[in-house]
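A.B. asks: Sequence unavailable; structure follows:
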């Protein structure tokens, strides 16, 4: 059973940066496409970004393009999300998720989820 643990969330001012990490254990990390999703209070969970199992392909939701960068280190079984130029609308619980097979943006397609880490951006 794959376990995902996120870290790195916190409180930051508008324009600030945070780096989220998601460490995997119990599975074959380098076969998983990994994604970040987020969920703000009262809203549905939304796709942020996905990276392919080798790291050679990524896709971002429009609202974070140019500000967020996903990366992965398969030797450490970890995926990262560098978030720059943060805005109040980025405030949410951020979740990492993993799946084998094709890359997807629909959360229901993902098999493995972390517990989430809170990101709060103050104005």
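C.D. replies: Alright, I've got the coordinates. Remember, it's a predicted structure, so these values are computed and weren't measured experimentally.

A.B. asks: show me the contacts for residue 36.
C.D. replies: The neighbourhood of residue 36, defined by Cβ atoms under 8 Å, 6 or more residues apart in numbering, consists of 20, 22, 48, 49, 50, 70, 79, 81, 94, 95, 96, 97. In short, each C-beta sits where N, CA and C put it, glycine included.

A.B. asks: What of residue 48?
C.D. replies: Residues 35, 36, 37, 38, 60, 61, 64, 68, 81, 94 are the ones in contact with residue 48 under the rule Cβ under 8 Å, 6+ apart.

A.B. asks: Same check on residue 95?
C.D. replies: Contacts of residue 95 by Cβ under 8 Å, 6+ apart are 6, 36, 37, 38, 39, 45, 113, 114, 115, 116.

A.B. asks: which among the residues you listed gets closest to residue 105?
C.D. replies: Nearest to residue 105 among the contacts of residue 95, counting by Cβ to Cβ, is residue 37 at 9.1 Å.

A.B. asks: I figured the closest one hits residue 44, correct?
C.D. replies: No: between residue 37 and residue 44 there is no contact, the gap being 9.9 Å when judged by Cβ atoms under 8 Å.

A.B. asks: Among the two, which residue is more densely surrounded?
C.D. replies: When neighbours are counted by other Cβ atoms under 10 Å, residue 37 comes out ahead of the other of residue 37 and residue 44, with 25 against 8.

A.B. asks: pLDDT score for that one?
C.D. replies: We note a pLDDT of 98 for residue 37 in this prediction.
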